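Colleague: just a sequence and a predicted model for now, questions to come.
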Amino acid sequence: MTADLVKSFGIAVRQSRESLGWSQERLAEHSDLNRSYVGEIERGAVVASLVTVSKLATSLGVPASALLGRGEQLAEARRSDHAGLAAIAC
């Protein structure tokens, strides 16, 4: 469950970044983060700290709560999709 949220948060960051037409490098510069770390966040390979979430959200022009909320929505959708597939398989 936690892994789903971490992956989904990364997807939310990537979608937000791409909606601005930004590269990972540009987001990293605006967030004062390393580009490879932004990539790890987007892949769900690392758990971002609250400070990092705040930096990313500020750079993306959204409240941190909105960015986290989008990650939660994506995680719930993924869980629903998996539950539906499991029901079909039975």
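Modeller: Received, thanks.

Colleague: got the contact list for the closest residue to Leu74 other than its chain neighbours?
Modeller: Ranked by CB to CB, 6 or more residues apart in numbering and with sequence neighbours excluded, the top spatial neighbour of Leu74 is Ser8, at 3.7 Å. (C-beta placed from N, C-alpha, C; glycine too.) Counting by CB atoms under 8 Å, 6 or more residues apart in numbering, Ser8 makes contact with Gly44, Gly71, Glu72, Gln73, Leu74, Ala75, Arg78.

Colleague: rerun that using 10 Å as the cut-off
Modeller: When contacts are counted by CB atoms under 10 Å, 6 or more residues apart in numbering, Ser8 touches Gly44, Leu68, Arg70, Gly71, Glu72, Gln73, Leu74, Ala75, Glu76, Ala77, Arg78, Arg79.

Colleague: helix, strand or coil: sort out the fifth one for me.
Modeller: When states are read from DSSP: H, G, I helix; E, B strand; the rest coil, the local structure at Glu72 comes out as helix.

Colleague: and Asn34, backbone torsions?
Modeller: The phi and psi values for Asn34, taken as degrees, to the nearest 10, are phi -80, psi 140.

Colleague: is it true that it touches Glu40?
Modeller: Yes - with contacts counted by CB atoms under 10 Å, Asn34 reaches Glu40, the gap being 9.1 Å.

Colleague: so those two - more neighbours on which side?
Modeller: Glu40 (15 against 12; other CB atoms under 10 Å).

Colleague: nearest spatial neighbour of Arg17, skipping sequence neighbours?
Modeller: Once its chain neighbours are removed from consideration, Arg17 has its nearest residue in Leu27; the separation is 4.9 Å (CB to CB, 6+ apart).

Colleague: what strand or helix carries that neighbour?
Modeller: Under the assignment given by DSSP states H and E, the secondary-structure element containing Leu27 is helix 24-31.
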